[in-house]
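> Please find the sequence and the predicted model below.
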Amino acid sequence: MPSRIYECIEKIAEKIKENKDLLTDLDREIGDADHGVNMARGFSAVEEKIPKDDDDIGVVLKKTGMTLLSTVGGASGPLYGTAYMEAGKAAAGKTEITAEDFGAMLGAAIAGIQKRGKAVQGEKTMLDALIPAQEAYLAKVAEGADIVTALDAACDAANKGIEFTKTIRATKGRASYLGDRSIGHQDPGATSATITLETIRDFLKG
Ligand code: ADP
Ligand code: MG
């Protein structure tokens, strides 16, 4: 029987592939039209490489990260690769996670992205979805919310983060070459990050 973590990654892979054209079209506006293609290729490889029956969330996430790192390419490959590997380290040995655990995993993923990409909030990147999502998530957990309720708040914040990316100029990554012309466009990485969070929420709900 496939493990729960395998099924969750599989859902993320499905959703990323479903949104391949959207992500690529967004990247066409302010980048090089490959974000969806990159991510879909990476997650196809993930589907082949991750162990189906290993319940260890840390092991499966680390393998996911390593596979993304070696197959996605572009800026987002190393960043998503690191995010999954760091989340995996935070979940090492666990076969189930609490709301607090997920908060720690998301925090570790963000810290990994920031260490690797040297971006902060407000530079029109995936962090503009992830950082507000993490803040909203932790606030809900502090009130005693369960993981799905907290993820609902996180997804709302991530979607607001996407809207925010339309209003700002890119100062990191390929989109920064456009300067002010990047304003008015939605960031592809913030979009894929939000799709990921929504898929995890829907998986845990279902
Ligand atoms: P590339 O820009 O190399 O073609 P992708 O198109 O796959 O790579 O990914 C672009 C996305 O990567 C951007 O939309 C942005 O969200 C994200 N990104 C780029 N640079 C950084 C960075 N330094 N930190 C965080 N995210 C970044
Ligand atoms: Mg690109």
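Perfect, thanks for sending it. Since the model is a prediction, treat every value here as computed from it, not as a measurement. Ligands and ions are numbered 1, 2, ... in the order given.
> Just want the residue of the chain that's nearest ligand 1.
residue 189 (1.9 Å; Cβ to the nearest ligand atom). The C-beta positions use only the backbone N, C-alpha and C, and glycine is treated the same way.
> Give me the distance between that residue and ligand 2.
9 Å (Cβ to the ion, to the nearest Å).
> give me the element the closest residue to residue 156 other than its chain neighbours is part of.
Spatial nearest neighbour of residue 156, excluding adjacent residues (Cβ to Cβ, 6 or more residues apart in numbering): residue 136 at 6.8 Å. Residue 136 is part of helix 127-142, with elements assigned from DSSP states H and E.
> who touches that helix?
99-100, 102-103, 106-107, 109-110, 113-114, 117, 119-122, 149-151, 153-162, 164-165, 168, 187, 190-191, 193-194, 197 (Cβ atoms under 8 Å, 6 or more residues apart in numbering).
> Could I get the buried residue list for it?
For helix 127-142, burial by neighbour count (16 or more other Cβ atoms under 10 Å) applies to 127-134, 136-138, 140-141.
> Mind checking which of the contacts of helix 127-142 are buried?
Neighbour-count burial (16+ other Cβ under 10 Å) applied to these gives 99, 102-103, 106-107, 109-110, 113-114, 117, 119, 149-151, 153-155, 157-159, 161-162, 164-165, 187, 190-191, 193-194, 197.
> Write out the residues of the chain neighbouring ligand 1.
27, 31-32, 34-35, 38, 74-76, 79, 113, 117-119, 125-127, 172-174, 187-190 (Cβ under 6 Å from any ligand atom).
> For the residue nearest to residue 156, give its distance to residue 148.
14 Å (Cβ to Cβ, to the nearest Å).
> Same question for residue 16.
21 Å.
> What segments of the protein are helices?
4-18, 20-30, 35-49, 57-71, 76-90, 99-117, 127-142, 147-167, 188-205 (DSSP state H).
> Just send these back as TSV, with mean pLDDT too.
TSV is the format used below for these (pLDDT from 0 to 100):
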stretch	mean pLDDT
helix 4-18	98
helix 20-30	98
helix 35-49	97
helix 57-71	98
helix 76-90	98
helix 99-117	98
helix 127-142	98
helix 147-167	98
helix 188-205	98
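> Show me what residue of this structure gets nearest to ligand 2.
Proximity to ligand 2, evaluated over the chain using Cβ to the ion, is greatest for residue 31 at 3.8 Å.
> how much space between residue 2 and residue 52?
Going from residue 2 to residue 52 by Cβ to Cβ gives 5 Å.
> Also residue 65?
Counting by Cβ to Cβ - residue 65 and residue 52 are separated by 17 Å.
> Between these two, tell me which one has more neighbours.
Neighbours per residue (other Cβ atoms under 10 Å) separate residue 65 from residue 52, with residue 65 holding more: 24 against 12.
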